[in-house]
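**Q** just need the structure, nothing else, for what follows:
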Amino acid sequence: MSSSSSSNANGTTATAPSLPHQHDHLALLDQLCVFLNAYLALNHDNRLAIIGATSHTSKFLFPGIQPPAIEEHIARSNAYQQFYSMNSTLVGGVKRLMQDEVAAAAAVAVQDPTSGGQSCHLSSALSKALCYANRHATASTDAKPSILVISASPDSPSHYVPLMNAIFSAQKAEINLDACKLYGDSVFLQQAAHLTHGVYRCLPGPEGMIQHLLFTYLPPPELRSSLNLPAPTKVDFRAACFCHRRMTSDAFVCSVCLAIYCQWRPVCETCKTKFPFQQRR
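**A** Below you'll find the predicted structure:
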């Protein structure tokens, strides 16, 4: 998958870019369907939203725009309709999302053959997930929204500001943000889980991911303290500088707008504030 995202109302957000092999796509999607079915089966009042994110867009995959055809309901009369509706809508939405991504990538390649791969719109997907969760939280006082991000995309320092804005919004709304990262660590998702009291796990691939989904992310946050979960990893608190869009551990911060720069400069490029002092040597 170029990237997919799921958001449940108890929300989920998941992202996945260019996975190495086609069987990885199928393994990831099958395990995700099992996990989401288990979540729906926990409580009849559970609500779910799934958002897919690619390098060009982010879209709701479930609930879908078009309801399943009547013939499908008749053909699947022996299946639990809530599971079947979610599974079929998700699979169809992922197919359409990937087709749109391939077409968009081809168009970009024609216009600029030297353009490389782009990171997924994780910040956009998170923002939509937060809006969906907030709408249901305000409609029901019993709702306890949470978000799960499943991502195989590398971090993009250029998306640092909008992503951190979404993370701080989740923190203010007291929405737990869990993250399951495939194919390498993510500094941003580590910070997101830490700031919102969520759980972060880094897996080498989708193989065996269902065990982590069911035993780590399925239990509600209030029950996790009673479980023997793996020890949390050390959080990487580096930030992305505004000047070169690269990760840095030591930086200069504007005292007005809090913009981050890896090198000292007399004028803030973001808010144009002039600093009266000289650079320390």
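**Q** which residue ranges of the stretch 51-200 of the chain form strands?
**A** Taking DSSP state E, counting those that start in this stretch to define them, one finds strands in the stretch 51-200 of the chain at 58-62, 146-151, 176-182, 200-203.
**Q** highest mean neighbour count out of the ones you listed?
**A** The highest average neighbour count among those, using mean count of other Cβ atoms under 10 Å, belongs to strand 146-151 at a mean of 27. C-beta: built from backbone N, CA, C; applies to glycine.
**Q** neighbouring strands for that one, and are they parallel or not?
**A** strand 176-182 (parallel) (DSSP bridges).
**Q** what secondary structure does the closest residue to Phe62 other than its chain neighbours sit in?
**A** Spatially, and ignoring its direct neighbours in sequence, Phe62 is nearest to Ile50 (4.1 Å; Cβ to Cβ, 6 or more residues apart in numbering). Each residue gets one of three states, and Ile50 gets strand by DSSP: H, G, I helix; E, B strand; the rest coil.
**Q** was I right to think Ile50 contacts Val91?
**A** No: under the contact definition of Cβ atoms under 8 Å, Ile50 does not touch Val91, with a separation of 11.0 Å.
**Q** settle it for me: which of those two has more neighbours?
**A** Legend: neighbour count by other Cβ atoms under 10 Å for Ile50 and Val91, higher for Ile50 (27 against 14).
**Q** quick one, which of the strands of the stretch 51-200 of the chain is nearest to Ala105?
**A** Among the strands of the stretch 51-200 of the chain, strand 58-62 comes nearest to Ala105, with 15.5 Å by Cβ to Cβ.
**Q** please work out the average pLDDT along the closest one.
**A** Averaged across strand 58-62, pLDDT comes to 93.
**Q** chain center to it, what's the gap?
**A** Distance of strand 58-62 from the chain centroid (Cα atoms, centre = their mean, to the nearest Å) equals 12 Å.
**Q** and stretch 234-253, how far from the chain's centre?
**A** Taking mean C-alpha positions (Cα atoms, centre = their mean), stretch 234-253 and its chain are 21 Å apart.
**Q** and what of stretch 47-59?
**A** Distance, centroid of stretch 47-59 to centroid of chain: 9 Å (Cα atoms, centre = their mean).
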